[in-house]
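Student: Build me a structure from this.
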Amino acid sequence: MTTATKAALIVAHGQPSDPEPAEAEMAALAAKVQALMPEWHVASATLATAGALADQVANLGPSGLVYPMFMAGGWFTRTHLPARLTEAGGAAWRILPPFGEDAAVQALTVSLAREAGGGRDPAEVELILAAHGSFRSTAPSEIAFRMADRIRAEVGFKRVEAGFIDQSPQIAEVAAYFSHGGVVLPFFAARGGHVIDDLPEALEAAGFVGTLLPPVGLDPRVPPLIAAALRAALGAEP
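Tutor: Below is the predicted model of the structure:
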């Protein structure tokens with residue numbers, strides 16, 4: 001890629017049963033990143049919306065950078081997304097590491113956890129890092145477990161545990177053993193059905209009484225982090 005082809009595409013999984021809200025959320029995110037990078041062309045697409053990826057590749061050109069709004073590298077980012085890009089005519093596009101693997105995003109996650117303490121003594125705070133997980137791959141859980149360990153070490157909370165939607169330990173299992181006043185930080189890139197429905201339902205089933213925070217990907221500090229990652233990736237190319 002040369003400096004003349006500053007194109008970026010933020011790609012998320014989306015929600016096949018109801019694709020429009022995720023498309024709108026990613027479009028809003030892309031607009032915020034675009035505002036920080038007027039010399040670039042920044043757009044978005046979800047894999048759940050038929051034709052969206054092909055349409056954006058056609059609009060943006062034969063090459064560019066793909067920023068995956070996924071929390072971990074796994075089958076979707078390593079196999080499915082490259083195949084979908086090739087089908088869409090974007091074989092020359094370069095896929096960057098996913099959102100959740102960005103060192104700056106991980107540092108932000110620690111900051112969000114620290115801020116969630118609300119000025120309380122960290123030794124009294126209990127936090128659940130809620131993540132998607134996977135019954136087919138260990139990649140999503142590995143990064144969530146590492147983040148939970150990091151928050152515990154750097155913030156000094158009384159207790160930090162990872163809980164998952166799609167694997168054990170599931171969120172309801174973990175939350176059942178948390179005392180009142182705990183905090184749940186969703187380690188998610190967007191506000192999809194898991195965050196809107198599955199996570200609150202799991203907490204309710206566990207009798208959890210505490211604070212449910214917005215997902216990491218909705219923090220207002222995210223667009224500058226994505227812009228920085230895109231610029232760094234372009235600058236790192238020969």
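Student: any idea how far L60 lies from A24?
Tutor: 19 Å (Cβ to Cβ, to the nearest Å). Just so you know, the C-beta spots here come from the backbone N, C-alpha and C atoms, and that holds for glycine as well.
Student: So those two - more neighbours on which side?
Tutor: The neighbour count for L60 versus A24, taken as other Cβ atoms under 10 Å, is higher for L60 (21 against 12).
Student: Excluding sequence neighbours, find me the nearest residue to that one.
Tutor: What sits nearest to L60 in space, not counting adjacent residues and going by Cβ to Cβ, 6 or more residues apart in numbering, is A7, at 4.2 Å.
Student: Looks like that neighbour contacts S63 (just checking).
Tutor: Yes. Counting by Cβ atoms under 8 Å, S63 is a contact partner of A7 at 7.3 Å.
Student: which of those two has more neighbours?
Tutor: Neighbours of A7 and S63, each counted by other Cβ under 10 Å, are more numerous for A7; the result is 23 against 15.
Student: what pairs with that one across the strands?
Tutor: Using DSSP bridges, the bridge partners assigned to A7 are H41.
Student: Lowest-scoring secondary structure element of this structure by mean pLDDT?
Tutor: Least confident helix or strand of the chain, by mean pLDDT, DSSP states H and E, is helix 193 with a mean of 69.
Student: residues contacting the nearest residue to H194 once chain neighbours are set aside?
Tutor: Using Cβ to Cβ, 6+ apart and skipping residues adjacent in sequence, the residue nearest H194 is I165, 5.1 Å away. Contact analysis of I165 by Cβ atoms under 8 Å, 6 or more residues apart in numbering lists 130-133, 171, 194, 198-199, 202.
Student: got a pLDDT number for I165?
Tutor: Here the pLDDT value assigned to I165 is 90.
Student: next one: phi and psi at it?
Tutor: phi -80, psi -50 (degrees, to the nearest 10).
Student: Repeat that for L127.
Tutor: Main-chain torsions, L127, degrees, to the nearest 10: phi -130, psi 140.
Student: burial count for it?
Tutor: For L127, the count of nearby residues is 28 (other Cβ under 10 Å).
Student: what do you get for the one 5 residues further on?
Tutor: A count of nearby residues for H132, using other Cβ under 10 Å, gives 25.
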